[in-house]
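> would you be able to build a 3D model of this:
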Amino acid sequence: MTGHHFPIRIYYEDTDFSGNVYHAAYLKFFERGRTEFLREEGIHHSELAEQGIAFAVRSMEIAYDRAAHIDDLLTVRTVVAAISGARLTLDQTILRGEAVLTRATVIVVAIKTSGGPARMPKTIVDRFKLD
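Purely as a prediction, here's the structure:
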């Protein structure tokens, strides 16, 4: 699977005093990539909320390999690594052209909007089941 690709442009507000992208800004980029990946798959947060379900990031491991800079055009690539009845694991990469800048493995879990854990909706498990 080549994954979902989402473009990101770096603006001044994303950078720190050195002109590099501030480390926490990558979290926003990964979140946008995940959201647009799910949206393209027909999974909308608002529709899940109507069912009393939301997604929460359970854990995230990030590796910063290279810095991004103002005006860079980057791509957030999102690929499903694993899915179970309770969690969705995604591998995400931020690239500048072919160069890998930042990598993350994100574990997302389903929760009840009223609080507590929930099962991942069967339609989502079936959609992303890896053979």
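> and A86, how many neighbours?
As a burial measure, A86 scores 15 neighbours (other Cβ atoms under 10 Å). For every residue, glycine as well, the C-beta is placed using N, CA and C.
> surely it meets V109?
Yes - the criterion here is Cβ atoms under 8 Å, and A86 meets it with V109 at 6.0 Å.
> now do the shared contacts for the two.
Residues touching both A86 and V109 (Cβ atoms under 8 Å, 6 or more residues apart in numbering): P117, M120.
> where does the prediction get shaky in this protein?
Along the chain, the parts satisfying pLDDT under 70 run over 1, 131.
> which helix of it spans the most residues?
helix 25-40 (DSSP state H).
> and it, what does it pack against?
strand 4-9, strand 53-64, strand 73-83, strand 87-96, strand 99-112 (3 or more Cβ pairs under 8 Å, 6 or more residues apart in numbering; DSSP states H and E).
> D14: what's it in contact with?
V21, Y22, A25, A68, I70.
> ditto for T15
Contacts of T15 by Cβ under 8 Å, 6+ apart are V21, Y22, A25, H69, I70.
> just the buried ones from those?
V21, A25 (16 or more other Cβ atoms under 10 Å).
> show me which of the contacts of T15 is closest to I94.
V21 (9.2 Å; Cβ to Cβ).
> for that closest one, list each beta-bridge partner.
T15 (DSSP bridges).
> so who does it touch?
Taking Cβ under 8 Å, 6+ apart as the test, what V21 contacts is I10, D14, T15, A67, A68, H69, D72.
> could the residues you listed go into CSV alongside distance to L130?
Listed next are these as CSV, based on distance: Cβ to Cβ, whole Å:
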residue, distance to L130
I10, 33
D14, 33
T15, 37
A67, 33
A68, 30
H69, 36
D72, 32
